[in-house]
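Participant: give me a 3D structure for the following:
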Amino acid sequence: MSPKISVWISNSVFISFIVISLLYSIVHFENSYLKSETLTLSTEKNRSFAIVQELSRVKNQFPIAYQCHYSFGLSNGSLYEITERIPYSIYKRLRLGDTIEVYKKEIRIFGKQTAISQIRGNDESLPLLENLERYFLYGFVYLLVLVGVTLLTRVLGLLSRIYPSKQKPTETGEIAANKVQD
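Facilitator: Residues are numbered from 1 along each chain as shown. A predicted model of the protein is given here:
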């Protein structure tokens, strides 16, 4: 392998590491912001009403899980739709078109105006950005290992140039690596 190719590979690994590190830090901070907002969601000032659009059972899941799709209005007048996982105790009380009490909060995630909400009495956790954060964390660790291997390879390559290995003498009795011109 020529030195230019290895430099190209190591540079692409370093750039990939920097990009994944940046993306991971953005997702991590957004997820921590989202967690802090969900902790303050269940306050009286965030209480509102929504209309049930659809009730469904999640197939091929044990224990059995249920979902509720509902919509509510935002402060700018637009209609916002949410899908939430609910326990059976809430599922059996709800019917299509019912008005339900929810806690809602309008927030900005990745610079986009959105809303988070939760049905009153639902103890299920909200879906956050944890899967996305975990994905970028795995990419970060993978590229960290690649950077370590790349650095180790580059350092060993430089050391082999500085301290050449002993080679067999040529026919004239000289060592080829240590030829000195007078």
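Participant: wait, doesn't T114 sit right on E106?
Facilitator: Yes. Between T114 and E106 there is a contact under C-beta atoms under 8 Å: 7.4 Å. Heads up, the C-betas are built off the backbone N, CA and C, glycines and all.
Participant: which helix or which strand is home to H28?
Facilitator: Under the criterion of DSSP states H and E, H28 resides in helix 3-39.
Participant: which strands border the very next helix or strand once past that helix, and is each parallel or antiparallel?
Facilitator: Scanning forward in sequence from helix 3-39 by DSSP H and E, the next helix or strand is strand 47-58. Using DSSP bridges, strand 47-58 pairs in its sheet with strand 65-73 (antiparallel), strand 99-109 (antiparallel).
Participant: give me the buried positions along the helix holding H28.
Facilitator: Residues of helix 3-39 classed as buried under the neighbour-count rule (16 or more other C-beta atoms under 10 Å) are 10, 13, 17, 20, 24, 27-28, 30-31, 34, 37-38.
Participant: rewinding a little: okay, the strands paired with strand 47-58, which one's buried deepest?
Facilitator: Mean neighbour count, computed with mean count of other C-beta atoms under 10 Å, is highest for strand 65-73 among those, reaching a mean of 17.
Participant: okay, that strand in CSV with CA atoms only?
Facilitator: Taking Å, rounded to 0.1, in the frame of the first residue of the first chain, the C-alpha atoms of strand 65-73 are listed here in CSV:
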residue,chain,number,x,y,z
ALA,A,65,-49.5,-3.0,23.8
TYR,A,66,-52.1,-0.4,22.7
GLN,A,67,-51.8,2.9,20.8
CYS,A,68,-53.9,6.0,20.7
HIS,A,69,-53.7,8.5,17.9
TYR,A,70,-55.1,11.9,18.9
SER,A,71,-55.0,15.5,17.6
PHE,A,72,-55.0,18.9,19.2
GLY,A,73,-54.5,22.5,18.2
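Participant: and it, what's its mean pLDDT?
Facilitator: Averaging pLDDT along strand 65-73 yields 90.
Participant: before we move on, what about stretch 18-33?
Facilitator: Rounded mean pLDDT across stretch 18-33 is 92.
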